[in-house]
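Trainee: Build me a model:
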Amino acid sequence: MKNVMMTVTGLLVLLMLGGCLPQNGEEEEQEVIVVEDTEEGETEFGFTPTVDSDGVYFRTVLQDGVYFRSDARGAVNDAFNNRVDLDQLETGLMEIASGFYSPDDFYLTEGQHLSGNLINSWLNRANPLDQTTENDEGEAVYDPGPGLNPGVAEENPGSVEAQADQMREAPLMISHIMEHNYWTGSGEDGVELEGIVIGIGLRAVYYFNTRNEDGTINFYEQTLDREEVQAYGREQAQVILNRLRSESFESIPNDVPITFALYQEEPRGAVAPGGFTAMTHVAGGSLQIDGWETVNERFVVFPSGEARSYDANLANQMSQFREETEDFFDRKIGAVGTARYRDDILEEMTIELNLQSHGQAEIIALSQFISDRLAELITVQVPVRVYIESVSGMEAIIIQHPDEEPFMHILR
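Mentor: Residues are numbered from 1 along each chain as shown. As a prediction, this is how the structure comes out:
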């Protein structure tokens, strides 16, 4: 594999769950990762230490002992409608990557190849379909430009109604693009880029607006066809692959594998996140996506009609948990559970309790009660996490692993 090397000094620093390599501005300069500074000396790179946890967390590469963010972090305009979707996309990408890169042997950084400005240009619409340029033979051909979302039919459609119609016919389907990089190496030999993982967020609902001549705004929303959106996401993944394998991205060695994962977001205001629907791993040197693997991931909120029809047993257990907790606390408690399923098998569950008023003694007593009853009320063979919150913020955390004593922590 062609090397992209960084000199590394082994540093023990506080644990961080994500990381990024320095962004060097122009793409043709991004391969120069070790920076020589005549006054300060050579920039040092290290790793976060290994810490036991119950999640899939990679160690990260640090610059001078400091977490270095991607240029795209916080700079992408058209992100998800829900924060829960953005969080799940990022953590889910790490889980997908762990199927190819073991957290024991590989290090993670946030993406260094796709800048915020570049991603924003890709999230734009393609050029209007009536916009053409001349090719070498002098013929008028359509030039889509950098935008990956569908282009509208005309650049100047005329009336506000015509503008809304053509936007409705060409909805923005791609909402977000996220890059992670994976590395191997050591403090003695440096690190080497081994893989890139790209997450593509896809909309469930297209929200858009038009402006009238008097300045007033018309708001619209259009539910998108899931199969159409998924097919479009797969097509654009091939376009992204073509770009990353082109000479414009000299910072990416041609023999580095690239993984794509499609994420289906939820509508605005959703309580639970969406989930990954498909993934593909493109070998180093390959220019073609040969096929996709279906990812069956689903988040279900309790209580809900969906929960009762999808997992009636767990829905009943959640209702019993809520009733006993409210009986103990002697008042109503906002209790919401979120269960994550993969291939229709429960993988984890989270319960959030929201208290309107409380005293510290009440928090301690409630946490003790839940710790004692949780394993008997929620009888599942997966981790269950209970978060007790109030208007002041997080108050307590209870974690129950199967066949283990619960862990309880009161925040002070």
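
Trainee: For the stretch 51-200 of the chain, which segments count as strands?
Mentor: Under the criterion DSSP state E, counting those that start in this stretch, the stretch 51-200 of the chain contains strands at 59-63, 107-110, 132-134, 140-142, 174-186, 190-202.

Trainee: Centre of the chain to the fifth one, how far?
Mentor: By that I understand strand 174-186. Its chain's C-alpha centre and that of strand 174-186 lie 11 Å apart, by C-alpha atoms, centre = their mean, to the nearest Å.

Trainee: Given it, what are its sheet partners and their directions?
Mentor: Sheet partners assigned to strand 174-186 using DSSP bridges are listed as strand 107-110 (antiparallel), strand 190-202 (antiparallel).

Trainee: same thing with the fourth one?
Mentor: Sheet pairing here is set by DSSP bridges, and for strand 140-142 it gives strand 132-134 (antiparallel).

Trainee: before we move on, the earlier item: okay if I get the strands of the stretch 51-200 of the chain as a markdown table plus mean neighbour count and mean pLDDT?
Mentor: In short, each C-beta sits where N, CA and C put it, glycine included. Formatted as a markdown table, these follow (neighbours: other C-beta atoms under 10 Å; pLDDT from 0 to 100):
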| stretch | mean neighbour count | mean pLDDT |
| --- | --- | --- |
| strand 59-63 | 23 | 78 |
| strand 107-110 | 24 | 90 |
| strand 132-134 | 11 | 77 |
| strand 140-142 | 11 | 78 |
| strand 174-186 | 22 | 90 |
| strand 190-202 | 22 | 92 |
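
Trainee: Name the helix or strand for residue 375, please.
Mentor: helix 360-377 (DSSP states H and E).

Trainee: helix or strand right after that helix?
Mentor: strand 384-390.

Trainee: ok, residue 380 - how many residues close by?
Mentor: Neighbour count for residue 380, taken as other C-beta atoms under 10 Å: 18.

Trainee: Name the nearest residue to it, ignoring sequence neighbours.
Mentor: residue 346 (5.9 Å; C-beta to C-beta, 6 or more residues apart in numbering).

Trainee: what's the burial count for the one you found?
Mentor: Using other C-beta under 10 Å: residue 346 sits among 15 other residues.

Trainee: Please name whichever of the strands paired with strand 174-186 is nearest to residue 184.
Mentor: strand 190-202 (5.3 Å; C-beta to C-beta).

Trainee: In this protein, where is pLDDT below threshold?
Mentor: Scanning the chain for pLDDT under 70 picks out the ranges 1-56, 75-79, 186-189.

Trainee: and it, what are its domains?
Mentor: Here the domain parsing of the chain from automatic domain parsing is 71-181+194-295, 300-410.

Trainee: what about the last one, start to end distance?
Mentor: Read that as domain 300-410. Counting by C-alpha to C-alpha, to the nearest Å, you get 27 Å between the two ends of domain 300-410.

Trainee: So what's the gap between that domain and the chain middle?
Mentor: With C-alpha atoms, centre = their mean, you get 25 Å for domain 300-410.

Trainee: So the nearest residue to residue 373 once chain neighbours are set aside: helix, strand or coil?
Mentor: Here the nearest residue to residue 373 in space, its sequence neighbours aside, is residue 324; by C-beta to C-beta, 6+ apart that works out to 6.4 Å. Three-state call for residue 324 (DSSP: H, G, I helix; E, B strand; the rest coil): helix.
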